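**Student:** here are the coordinates; sequence isn't available:
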Ligand SMILES: Nc1ncnc2c1ncn2[C@@H]1O[C@H](COP(=O)(O)OP(=O)(O)OP(=O)(O)O)[C@@H](O)[C@H]1O
């Protein structure tokens with residue numbers, strides 16, 4: 001057994017089954033199944049992610065991006081990885097602190113009950129997500145797959161999870177193919193342009209709007225080919241944020257793309273009860289130009305964001 005930071009790493013096959021009692025399956029993504037489990041020693045409830053589709057060696061397991069990053073991270077708004085266990089036949093188990101549900105489910109439940117979140121609740125959630133993101137960005141990483149289902153909630157505490165696609169700014173490795181679920185994907189990624197941590201701020205803007213309206217802001221269709229998907233998603237964005245003007249960013253990043261022409265829909269028209277500060281923050285987070293997006297590390301951030309961080 002080895003220790004890295006506060007985390008335990010174990011490659012004894014029997015260890016997992018003797019330490020934990022598995023309960024129900026609580027989630028499933030592209031990369032793993034997540035189970036609720038009971039720690040027989042401490043009595044604590046945990047969430048165990050069983051990685052899919054590959055036999056891991058111990059070295060591969062320790063070098064996984066999600067594992068490497070979570071070993072270095074210690075923040076109250078980022079999920080804690082408690083243990084890494086390599087079981088029989090190279091099955092890899094990631095043992096996390098347990099959270100009650102994800103933000104996507106909470107939004108869907110509210111939507112079905114036709115009950116809105118109060119702005120106070122939304123500010124509290126966004127404040128915590130922004131704190132977690134700010135920490136990641138200041139430590140040279142960005143999440144790359146921020147979406148409501150990857151944000152976990154217990155009571156009024158929020159934690160960012162699923163760092164499997166996260167990237168280091170200065171990494172020599174090429175950025176991954178898979179970047180953000182399409183509805184939360186920033187224009188620069190859609191347009192195959194250069195991108196960085198500002199893609200998380202775009203996703204944050206889309207999530208904040210979703211918390212207010214209880215449905216995704218840019219729910220682009222799948223489309224039957226990549227070109228259709230791209231057109232559809234960018235169309236959705238133009239439809240709400242207005243088409244980008246001829247700024248240097250558009251000239252550099254989208255010189256071959258013909259944007260459909262739409263005027264911006266003012267958020268205060270569709271969200272009449274939302275405060276001006278919250279509208280300003282969403283509008284800034286959803287700027288076409290990544291360098292203009294609100295960002296905790298920059299001076300030109302809206303006052304609500306400054307007050308939050
Ligand atoms: N620590 C946890 N506590 C409670 N539920 C969790 C926890 N971690 C994950 N889950 C649940 O399991 C789901 C899938 O987890 P996760 O996103 O980590 O898997 P994934 O395979 O990497 O997903 P994706 O396809 O989005 O990359 C989450 O949406 C969440 O509902």
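**Tutor:** Everything's here; your move. Computed from a predicted model, the values in this text were never measured in an experiment. Residues are numbered from 1 along each chain as shown.

**Student:** Can you tell me the closest non-neighbouring residue to the residue nearest the centre of the chain?
**Tutor:** Central residue of the chain (CA atoms, centre = their mean): residue 146, 1.6 Å from the mean position. Spatial nearest neighbour of residue 146, excluding adjacent residues (CB to CB, 6 or more residues apart in numbering): residue 203 at 3.9 Å. Placement of C-beta: from N, CA and C, glycine included.

**Student:** what's the one you found in contact with, if anything?
**Tutor:** By CB atoms under 8 Å, 6 or more residues apart in numbering, residue 203 lies in contact with 143, 146-147, 180, 184-186.

**Student:** Pull up the residues of this structure that are close to the ligand.
**Tutor:** Selection of the chain residues close to the ligand by CB under 6 Å from any ligand atom yields 26-27, 29-32, 34, 47, 49, 79, 96, 98-99, 102, 149-150, 152, 161-162, 164.

**Student:** let's see it at 8 Å
**Tutor:** Within reach of the ligand by CB under 8 Å from any ligand atom, the chain has these residues: 26-34, 36, 46-47, 49, 52, 66, 79, 96-102, 104-105, 145, 147, 149-150, 152, 159, 161-162, 164-165, 181.

**Student:** Just the buried residues from those, in ChimeraX please.
**Tutor:** Those of the residues of the chain next to the ligand that count as buried under 16 or more other CB atoms under 10 Å are selected in ChimeraX with:
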select :26,27,31,32,34,36,46,47,49,66,79,96,97,98,99,102,104,145,147,149,150,152,159,161,162,164,165,181
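
**Student:** domain ranges for the chain?
**Tutor:** 2-97, 101-308 (the TED database).

**Student:** Quick one: mean pLDDT for the longest one?
**Tutor:** Taken as a whole, domain 101-308 has a mean pLDDT of 85.

**Student:** Tell me the gap between it and the middle of its chain.
**Tutor:** How far domain 101-308 lies from its chain's middle: 9 Å, per CA atoms, centre = their mean, to the nearest Å.

**Student:** Next: stretch 99-118.
**Tutor:** 17 Å.

**Student:** What residues of it count as buried?
**Tutor:** 99, 102-104, 106-107, 117.

**Student:** just stretch 196-213 next, same as before
**Tutor:** 197-212.

**Student:** quick one: contacts for residue 229?
**Tutor:** 182, 220-223.
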